[in-house]
Structure formats: structure tokens, C-alpha cells
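In: Could you look at this predicted model? Sequence included:
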Amino acid sequence: MQRWLPEPFIFAILLTFVAALVAMPLCHQTPLEVVEHWGDGVWNLLEFAMQMALVLVCGSTLAAAPVIKRGINAMARLPKSAPAAIALVTVVSALSCWLNWGFGLIVGVVFAKAIARQRSDVDYRLLVASAYSGFVVWHAGISGSIPLTMATPGESLTMATNGALTNPVPVAQTILDWHNLVTVLLVIIGITIANTLMHPKKGILTVDPALLKDNDHIATKSSSDKTPAQRLEQSKLLSWLVALMLVAYLVIHLGMNGASLDLGGVIMIFLALGLVLHPTPVDYVRAFGKATTGAAGIILQFPFYAGIMGIFTGIGVSGISLGGVMAEACVQISNPVTYPLLTFLCAAVLNLFVPSGGGHWAVQAPVMFTAGANLAVDPGLTGMAIAWGDAWTNLIQPFWALPALAIARLNAKDIMGYCLIDLLITGVIIAAGLLLWAI
């Protein structure tokens, strides 16, 4: 990976050209049609890109709060050996991602960085890779976008699945089905063991101390001679009032309206806690400003992946899309037993080009659920096969690693070699779980 994997932005450009070159012959689209589909899609992830940038920045700013840093550092002292540190980071990250992917993606790498400061005998690159590897279970967890969409009643569900689903599929038949829960457990055990065994017995590569440098800032000193502006900037009351508004909204949105915790909710939690736990509002602003430098990769690359999604979903004069062609090819060679496995593999390949749960839903739902119904496959299983495929190849897709890499101050090539091993191991476990579910 160090030799062959380019900078993630270059990787995104290469994927763009591959998608375009494949779409033209398979979908009988002209170069101008492909370019138009790409351009139409470029801005479709702006809201999501902003959310991801805020998850990274707000999460990093929260982690920089003095009390949070003390708590994380205390936990980082728990493992008594390098392999134990690797195992602990993997489990903490995976469980956090299963609960909420946005929360887990940040917590895992922040915890890994804290452990690296405490222990000089742990391989930093493997530690960060272990933190990211836990992300593989996110779409099988309680924040998974596809199973949550399937559980939401409404006409949009019927329209998205071409009429295959007229009634919602409860999470008891997807996320909380025992087949899925056992698969999640085995995947977490598998990556924990694999990551631990990958740690070198000796000859650990030297870690650049700059990678572990804390983004500390000097807290504002109190002074008896303050201007009115300084009093406002250092007023804890303002921080508490804003935090109270955020919490009140979340209580209304989640408790009274019965909504689920989405990415926006996670950002609000990070923001509220950060405001309260930093000494003053101006201290929060300064910490936030330092954390924003890590969002550069997200801002630059997400429009390109949105463009790739446009190529996969764009329908030209021929009336077909590249994503639809892939899904139909999977259906043609399936039977009731192999259908979930092939759906998983199709989603996994598609995820390399369209690393978005919403994108997968748009591309695969119309074809896969109709075909699954014709084969008498449980719709919950079809949905989870798509979800697992979407999550699985994230292990080797730099798109989702960008926030973690920004915090760790590493490049994708530094961790992807380890993640490739986790990909092979988890692939076997997930495939076996889907086959057993189908039998």
C-alpha cells in the first residue's frame, strides 16, 4: 500500500475516470452525457460534506477540552502492553461505531492518539488502522441508514423500491435480528484478534513526535480590567445558554417526536458538550479554528465522489444507468440462497465508487428489493446484505477514513495495508453470516 496507493484525492480522480470509461460502453452513453451526469452530481453531497466536516471539527474540539483530555488520557493508561492497547482501541471503536457511526469514527481515533502518547512501544499506524477498522460494523448498527430507511413508513419507501416494499421493515428484522447481531459480534472478535496479531513483536517504526503533538491552546486569562467585548467573549453564561438550546431541541426531536439520532444530532451533542467543557466561548472558538485545518480533505474530495455518484445514477438516452446495470447483472446469476451474498458483493464493489449509504439506496433499492421479492428472499435480509456491502469495502476506501486520518495526521497509505487484512477476514465472516441467514 505504501508503494501503490496514491494520495486519496488522486484516488478519487482515478475512480472518476474509471467510472466514466465503464459507463460509456455498458450504458451506451456518449462522453458528453457522462460529463453532464458527473457535473449534475458534483454538488449533491454539499449538505453531507458540511456535516462530515462539522463532525470532524466539533469532535476534535470537544476532545481538546481540558476535562475530556484528562478522561481520555486516564483511559489510555489502562492497557498494560502494546497488543492490549491495539485490542482495546479496536473494541472501543467498533462498539462506538455500532452505536453511532459519526460518534465512533471520531472517538476511536482520538482514543488511539491518546494511547500513542502514553505508550512508546505501540505501532502508531496499526493503532490508527485499528481505530478505523471498527467502522466496518456501522451499517449493521443502530445508526445504519438503510435499515432505518426501511423502518420508516411512507410513500417514499414504496417509490424507492419500485413497489416491492409497501410496509416498513422493523429493525427487529434487520439490525436487531439475531443473525445480524451474531455477525457483528464475530466481526468485532475477528478484527480484534487480527489487529492484535499484526502488531510487530519488535522493530517498531519510529513515530514522528509531531504526529502526536496536542493542539493545546492557552486558555484566556481572567483579568479585572476587561472591556465589554472581552466580558462577552469570556462569559460562560453564553456557552451554557447555547448548549441548553441544543439539548432542548434534541429532547424535543428525539424524545417527543420519536426521531432517531442522526448525524446532525451527533454534531449538536459534540457542539453542546464542547461549549460547556471549554473554559470560555472564545477558548472554544480558538480550539475550533485549529481543528478546521483537518477538514481540507473532506471539502476537496466529497464533490468528486458526488460526481462519481452522478455517473452511476445518471440515465442517458439509452434509459439505463451504470448502477442499474451492475445490480441487474447480480440478479441474473442469483438464486434464493446466493442472492444475499451476491447482493453483498455487488454493494461492496459499488461502494468503491459510491461510498454513501444514501447512494446505495438510490442505486440498488429499485432493483434489489424487486428481485428479492421475486425470489422470496426476506426483505430484511436483502437490506442488510446491501448495508454490509456498503460498510465492508470502507476498509479500503479512503473516503470515510479522511476524518480519522486528519485527526491522526497520517495518510491513507499508512493504514490501508492493515485494513486490507481486516477486509479479507471480515469478508469471510460476513459472507458466511449472510449465507446462514438465507438458508
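Out: Perfect, thanks for sending it. Just so it is clear, the model here is predicted, and its values are computed rather than measured.

In: Residues touching stretch 181-193, excluding its own?
Out: 87, 90-91, 94-95, 98, 130, 133-134, 136-137, 140-141, 388, 422, 425-426, 429-430, 433-434 (C-beta atoms under 8 Å, 6 or more residues apart in numbering). From N, CA and C alone the C-beta is placed, and that goes for glycine too.

In: Please apply the same query to stretch 237-246.
Out: Residues from elsewhere that reach stretch 237-246 (C-beta under 8 Å, 6+ apart): 232, 268, 269, 271, 272, 273, 275, 276, 278, 280, 281, 284.

In: redo that, cut-off 7 Å
Out: 232, 268, 271, 272, 275, 276, 281 (C-beta atoms under 7 Å, 6 or more residues apart in numbering).

In: The contacts of stretch 181-193 in strands, which ones?
Out: For the contacts of stretch 181-193, not one is inside strands, with DSSP state E as the criterion.

In: What are the boundaries of the helices in the stretch 1-150 of the chain?
Out: 8-26, 31-41, 46-63, 66-76, 82-99, 101-118, 124-133, 145-150 (DSSP state H, counting those that start in this stretch).

In: which one of the ones you listed has the most crowded surroundings?
Out: Of all the helices of the stretch 1-150 of the chain, helix 124-133 carries the top mean neighbour count, a mean of 29, counting by mean count of other C-beta atoms under 10 Å.

In: Please compute how far that one lies from its chain's middle.
Out: Centroid separation for helix 124-133 versus its chain: 15 Å, with C-alpha atoms, centre = their mean, to the nearest Å.

In: Also stretch 376-389?
Out: That offset, for stretch 376-389, works out to 20 Å (C-alpha atoms, centre = their mean).

In: Check stretch 83-91 too.
Out: Worked out by C-alpha atoms, centre = their mean, stretch 83-91 lies 20 Å from the chain centre.

In: Who are the packing partners of the top helix by length along the chain?
Out: Ranked by residue count, the top helix of the chain under DSSP state H comes out as helix 412-438. Applying 3 or more C-beta pairs under 7 Å, 6 or more residues apart in numbering; DSSP states H and E, we find helix 412-438 packed against helix 124-133, helix 178-198, helix 339-353, helix 379-392, helix 398-408.

In: which parts of that helix are buried?
Out: Neighbour-count burial for helix 412-438, counted by 16 or more other C-beta atoms under 10 Å, picks out 412-419, 421-423, 425-427, 429-431, 433-434, 437-438.

In: Within the helices and strands, which one has residue 200?
Out: Assigned by DSSP states H and E, residue 200 falls within no helix or strand.

In: what's the closest non-adjacent residue to it?
Out: The shortest distance from residue 200 to any non-neighbouring residue, by C-beta to C-beta, 6 or more residues apart in numbering, is to residue 123 (6.2 Å).

In: That neighbour: how many residues sit nearby?
Out: For residue 123, the neighbour count with other C-beta atoms under 10 Å is 21.

In: Isn't it up against residue 199?
Out: Yes. Under the criterion of C-beta atoms under 7 Å, residue 123 makes contact with residue 199 at 5.9 Å.

In: give the contact list for the closest residue to residue 383 other than its chain neighbours.
Out: Nearest non-adjacent residue to residue 383, counting by C-beta to C-beta, 6+ apart: residue 150, 5.0 Å away. Neighbouring residues of residue 150 by C-beta under 7 Å, 6+ apart: 165, 168, 169, 174, 383.

In: Let me know which of the helices and strands packed on helix 412-438 is tucked in deepest.
Out: By mean count of other C-beta under 10 Å, these have helix 124-133 as the most buried, with a mean of 29.

In: what's the angle from that one to helix 398-408?
Out: Taking axes from the mean of the first three to the mean of the last three C-alpha atoms, to 10 degrees, helix 124-133 and helix 398-408 form an angle of 130 degrees between their directions.

In: Touching helix 124-133 from outside, list them.
Out: Taking C-beta under 7 Å, 6+ apart as the rule, helix 124-133 contacts 85-86, 89-90, 93, 108-109, 111-112, 115-116, 191, 195, 198-199, 207, 211, 395, 401, 404, 408, 410, 414-415, 418-419, 422.
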